[in-house]
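Participant: Following is a predicted model, sequence given first.
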Amino acid sequence: MGYRYNPFTGELDRVDTTGQPAENRFPITPYVVGPSGQAGYQTIQSAIDAATASSESSNVIWIQPGSYTENLNITSSITFMSIDGVAAITGVHTPPSSGAVTFDGCLLISPTDILNSSAAGTTVFNINNSFIIITDGYIFNLPNWTGEILMDNCGEASTEDGVINNVTGGSTIKLINVEMGSGSKTMELNGDPAGFLRFDTCNVNCPVNMSGSGEVLFQNGVRFGNTVTIGGSLEGFALETCWHDTNGDPLSTAAIVYNSSGNFILTDGSINTTNDPAIDGTGSGTLTLAGIDFSNSSTISSSLTVNGGTTYSGIFKSDYTDHAVLLGQGTTEDIVPTNVGTDGQLLIGGTAIDPAFASLTSTGGTVTFTPGPNSLNLEASGSVAITFDTDSGSATPAANTINFVGDATQGISSSGAGDTVTYTIADATTSQKGVSELATDAEAIAGADNSRTIVPSSLAAKLGTQTSDGIPYGAGTAAALGWTAGLTDGQLVIGSTAGTPAAASLASADSSITITPGSNTIDLATGSAVAVSFTTDSGTATPSSGIVNIAGGTLLNTSGATNVVTVNADDNVVGSVVSDSGTATPASNAFTLTGSGGITTSASGSTVTIDGSGEQVITITSLDNTDSPYTVLSSDYYMSCDVSGGTLTIDLPDAPTTGKVYIVKDAGGDANTNNITVTTSGGIVTIDGATARVISTDYAALQFVFNGTSYEVF
């Protein structure tokens with residue numbers, strides 16, 4: 001079974017991937033990786049190569065459950081899909097320099113990096129719904145990359161993982177709903193003005209170093225379990241972001257090292273560190289804090305410029321006037337309170353002076369004010385239009401304003417000057433509704449004007465005089481369409497180099513073909529019998545493109561001239577050979593001399609040498625788990641198997657020579673851990689009545705002999 005994405009439910013439906021789909025139809029994708037007999041490809045790399053060779057701009061590779069140890073060379077835009085991490089891919093992979101690469105639902109394992117390249121590529125990466133295990137490295141070791149890097153809904157259980165090394169590249173980064181990073185390896189990011197560095201609902205456990213320019217966004221519940229360094233000219237904000245370790249305990253290092261010349265805002269978050277200072281750095285940009293809870297150390301480096309002054313405590317509370325509003329006084333002075341406003345008063349600004357609470361006024365007495373606790377009611381003193389009825393619905397002013405607007409999709413716009421509003425309707429185009437002039441018949445026929453409208457009479461002029469059952473044909477840009485005569489039974493429209501097409505019937509000048517016309521049909525038949533197949537002593541040949549090839553075989557050759565084919569036999573044809581036991585006759589004019597029991601044969605020129613030295617040397621075929629599944633060759637006899645790296649499946653041939661013997665041996669003594677399974681191609685031919693035999697004892701061996709219909713173990 002496999003899975004297919006359902007665009008209507010957003011879920012993966014189970015489907016049968018072992019059946020035989022119709023031609024050019026596949027249950028998910030033509031590129032399915034899995035065991036032999038269940039999938040078209042047994043390695044991911046072979047599926048990549050096939051997908052790259054196709055004409056598609058991007059392809060999906062579905063990976064069935066299993067473990068795949070491969071260093072992938074990804075050469076085109078590919079989406080690798082599995083489900084619930086049941087496809088474990090172990091290796092370091094090389095990405096293409098452009099396009100898009102997606103891993104969805106995979107388990108990605110590596111001793112170092114998942115993706116590694118020093119190129120300045122533009123490929124967009126997307127790892128979704130996957131799990132990562134790294135010993136010491138990065139998920140994305142792409143120091144010079146510029147393409148976007150996205151991770152969504154991912155987790156990991158790594159030892160040392162810095163997640164991303166993009167120290168000089170400038171990729172846009174989006175980490176959404178992920179648990180990433182481990183150990184002391186540092187995430188290296190380089191911002192770019194055209195992009196941004198975004199962390200959304202994440203837990204990041206490794207140190208993070210950001211440089212370059214552009215925007216930084218931490219939002220919706222981001223937790224950092226190590227120091228975040230912000231440098232270059234980066235600017236942005238951290239909303240609902242906290243700093244503490246995975247258990248909620250305080251950090252022992254500074255939560256933030258701010259070295260940027262840009263401005264940054266921290267709001268509605270928390271910092272839990274015992275380090276002094278909690279926020280360090282020498283950046284020249286302004287750091288604004290609002291609603292930040294310092295659980296332990298709350299010190300901020302004196303080298304930094306902090307918005308709101310330098311006197312603050314854990315969450316920026318102090319002894320201010322009750323019901324007053326706080327006013328900023330610059331970067332070197334403390335925040336101060338305003339006067340206390342009374343019912344209905346508003347905080348009104350003044351140029352170069354502090355805002356203050358004051359009451360609205362109406363010099364002409366045209367507006368009446370009614371103040372109340374946290375309310376102010378305004379009413380016009382005279383009669384003012386408050387509703388404007390239209391053909392469809394009514395409009396009411398907002399803030400004493402009524403808007404007279406057009407509709408761009410309808411090509412209508414408005415303009416105003418003095419006490420006049422003017423509406424204008426745009427000229428109609430192929431992309432814009434509006435008004436247009438009517439085309440003349442000549443303009444409709446020429447078809448060169450793209451701004452005028454064609455009416456039925458002009459269209460009729462272009463179509464010309466139609467004939468019943470006739471076919472139209474072009475007569476040039478300045479003339480109406482021409483029409484053939486009405487077609488009768490079996491007629492076709494046939495062209496003429498020097499004239500116009502016309503309705504005509506097929507003909508056979510030598511009467512070798514009989515043509516029978518009918519209503520919308522034409523029946524063609526040859527005048528005499530034509531051979532469509534050629535039966536031989538062995539098999540039947542059919543013509544291809546009207547040609548049958550007559551070829552020679554062993555000791556035969558052919559030649560042809562005009563309508564004659566000559567078949568010639570070579571010299572030195574032997575009729576039969578009598579041996580000590582039986583007589584051999586040629587097959588395809590050839591004898592085969594074979595040795596056995598320590599006897600070997602060789603041939604040179606017209607001489608055959610038979611060597612009976614008595615020493616029997618067998619052929620040894622060495623196999624390991626990377627050869628699985630291995631299809632046994634006719635030359636194989638003794639198969640020495642090393643399964644220390646994984647299991648191995650060996651497929652015996654279905655119809656070898658009767659009496660053919662194969663030996664399979666666990667050479668390394670690992671069969672108890674990683675079994676060796678011996679079967680036949682498709683499991684059709686049995687082995688001692690079963691479809692397979694399994695070697696599960698260390699250093700064990702099995703001998704198989706083919707009895708003509710099945711294998712016996714002895």
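Facilitator: Noted; the coordinates are in hand. None of these values were measured; they are calculated from a predicted model.

Participant: CA atoms for contacts and neighbours, from now on please.
Facilitator: Fine.

Participant: same for the longest helix along the chain, what does it pack against?
Facilitator: Counting residues, the longest helix in the chain under DSSP state H turns out to be helix 44-53. The criterion is 3 or more CA pairs under 8 Å, 6 or more residues apart in numbering; DSSP states H and E, and the helices and strands that helix 44-53 contacts are strand 31-33, strand 59-63.

Participant: go with 7 Å
Facilitator: Counting contacts by 3 or more CA pairs under 7 Å, 6 or more residues apart in numbering; DSSP states H and E, helix 44-53 packs against strand 31-33.

Participant: Would you check that residue 252 makes contact with residue 275?
Facilitator: Yes - at 5.4 Å, residue 252 and residue 275 qualify as touching, with contact defined as CA atoms under 7 Å.

Participant: Quick one: residues contacting residue 114.
Facilitator: Counting by CA atoms under 7 Å, 6 or more residues apart in numbering, residue 114 makes contact with 91, 92, 93, 138, 139, 140.

Participant: same question, residue 607
Facilitator: Counting by CA under 7 Å, 6+ apart, residue 607 makes contact with nothing.

Participant: I'd like to know how far it sits from residue 601.
Facilitator: Residue 607 sits 11 Å away from residue 601 when distances are taken as CA to CA, to the nearest Å.

Participant: Who is residue 535 paired with across the strands?
Facilitator: residue 540 (DSSP bridges).

Participant: how much space is there between residue 406 and residue 377?
Facilitator: As judged by CA to CA, residue 406 and residue 377 stand 33 Å apart.

Participant: Who has more neighbours out of these two?
Facilitator: residue 406 (15 against 11; other CA atoms under 10 Å).

Participant: Show the contacting residues for the closest residue to the more buried one other than its chain neighbours.
Facilitator: With sequence-adjacent residues excluded and distances taken as CA to CA, 6 or more residues apart in numbering, residue 406 is closest to residue 413, at 4.2 Å. Residues touching residue 413, when contacts are defined by CA under 7 Å, 6+ apart, comprise 405, 406, 407, 423, 424, 425.

Participant: Select only the buried ones of those in ChimeraX?
Facilitator: The command below creates a ChimeraX selection of those among these that count as buried (16 or more other CA atoms under 10 Å):
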select :425
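
Participant: For the stretch 451-600 of the chain, which residues score under the pLDDT cut-off?
Facilitator: In the predicted model of the stretch 451-600 of the chain, residues 527-532, 546, 554-555, 569-582, 588-591, 595-600 satisfy pLDDT under 70.

Participant: Domain parsing of the protein, as residue ranges.
Facilitator: Taking automatic domain parsing as the criterion, the chain consists of the domains 1-90, 338-381, 423-465, 620-713.

Participant: could I get those as CSV with distance to residue 169?
Facilitator: Shown next, in CSV, are these (distance: least, CA to CA, whole Å):
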stretch, distance to residue 169
domain 1-90, 20
domain 338-381, 45
domain 423-465, 41
domain 620-713, 37
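
Participant: Which stretch among the ones you listed approaches residue 513 most closely?
Facilitator: Nearest to residue 513 among the domains of the chain is domain 1-90; the distance by CA to CA comes to 35.0 Å.

Participant: if we can go back for a sec, so which of the contacts of residue 413 sit within strands?
Facilitator: Those of those mapping onto strands are 423, 424, 425, per DSSP state E.

Participant: Residue 445 belongs to a strand, doesn't it?
Facilitator: No - the secondary structure assignment for residue 445 gives helix rather than a strand, going by DSSP: H, G, I helix; E, B strand; the rest coil.

Participant: so how many other residues sit close to the closest residue to it other than its chain neighbours?
Facilitator: Nearest-residue entry for residue 445: residue 462, 4.7 Å, with adjacent residues in sequence omitted and distances by CA to CA, 6+ apart. With neighbours defined by other CA under 10 Å, the count for residue 462 comes to 22.

Participant: Tell me the secondary structure at residue 462.
Facilitator: The three-state label for residue 462, taken from three-state DSSP, comes out as helix.

Participant: Tell me which residue lies nearest the centroid of the chain.
Facilitator: In the chain, the residue lying closest to the centroid (CA atoms, centre = their mean) is residue 79, at 3.3 Å.

Participant: Is it correct that that one is in contact with residue 102?
Facilitator: Yes - under the criterion of CA under 7 Å, residue 79 makes contact with residue 102 at 4.5 Å.

Participant: Just give the number of residues close to residue 469.
Facilitator: The number of residues packed near residue 469 is 12, by other CA under 10 Å.

Participant: before we move on, back to that, now render the contacts of residue 114 as JSON lines, adding pLDDT.
Facilitator: Formatted as JSON lines, the entries for these read as follows, by pLDDT from 0 to 100:
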{"residue": "91", "pLDDT": "98"}
{"residue": "92", "pLDDT": "98"}
{"residue": "93", "pLDDT": "98"}
{"residue": "138", "pLDDT": "98"}
{"residue": "139", "pLDDT": "98"}
{"residue": "140", "pLDDT": "98"}
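
Participant: can you tell me which of those lies nearest to residue 161?
Facilitator: When those are compared for distance to residue 161, the smallest value, 5.3 Å, is given by residue 138; criterion: CA to CA.

Participant: wait, isn't that closest one in contact with residue 161?
Facilitator: Yes - A contact is recorded between residue 138 and residue 161 when judged using CA under 7 Å, the distance being 5.3 Å.

Participant: out of the two, which sits in the more crowded spot?
Facilitator: The neighbour comparison of residue 138 against residue 161 (other CA under 10 Å) goes to residue 161, with 29 against 26.

Participant: what sits against that one?
Facilitator: Shown here is residue 161, whose contacts under the criterion CA under 7 Å, 6+ apart are 134, 136, 137, 138, 181, 182, 183, 185.

Participant: out of those residues, who has the most neighbours?
Facilitator: When the contacts of residue 161 are compared by neighbour count (other CA under 10 Å), residue 181 ends up highest, at 32 neighbours.
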